[in-house]
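# got a predicted model here, sequence first, then my questions.
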Amino acid sequence: MHIQHHTGFDVVGMATRTQNSIESTENSRIAKIWNDFLSQNLAAKIPDKRGVDLIAVYSDYESDHTGHYGYLLGLPVASSLRLTPNLAVKHVLAGRYKVVTSKRGLVTEVVPEVWRRIWSMSPEELGGTRAYLTDYEVYDQRAADPENSQIDVYVGLR
């Protein structure tokens, strides 16, 4: 079981509000965020960034994985004081996180698969009960090729 304890950090990027029933349709808001973020090269425009790994933050949960939630795609930053217009900031809370690694494959397949696996995990398998406060995905060098990607999902625990 891979549990990490870490301090909180800020992520700056593009945000939306959605729910999983929307994300499984052609009206996916997350796909639009990814398309806009990459096509506008927003990673290069984020000030005070710490590193190059993209972070997708899930937060502001209405309930559990069936309700609405906030989604932000961006980069961790040293300071969020100099926000570029049209960008948002989200704070990833300090705490305990279960790290779940996806399989390797098409990013559009491995990301939904790893989340389905997480949703089916018991508290014993997770190492605790999900907090539904902040969760996040890390898109590092293993995700550079969208046809052969692997990501880590950090699931917030109580």
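Nice, I can see it. Residues are numbered from 1 along each chain as shown.

# list the buried residues of stretch 65-76.
Neighbour-count burial for stretch 65-76, with 16 or more other Cβ atoms under 10 Å as criterion, is recorded at 65, 69-76. Glycine gets a C-beta too; all of them are placed from N, C-alpha and C.

# and the residues you listed, which two are furthest apart?
For the buried residues of stretch 65-76, the maximum inter-member distance is 25.1 Å, found between H65 and L75 (Cβ to Cβ).

# where exactly do the strands run in this structure?
Using DSSP state E, the strands of the chain run over 3-6, 9-18, 54-59, 69-77, 88-92, 95-101, 134-139, 152-157.

# just checking, what's the longest helix in this protein?
helix 107-120 (DSSP state H).

# compute the inter-axis angle for it and strand 134-139.
If you take axes from the mean of the first three to the mean of the last three Cα atoms, to 10 degrees, helix 107-120 sits at 150 degrees to strand 134-139.

# list of residues touching helix 107-120?
24, 65, 100-104, 126, 137, 143, 146-147, 149-151, 153, 155 (Cβ atoms under 8 Å, 6 or more residues apart in numbering).
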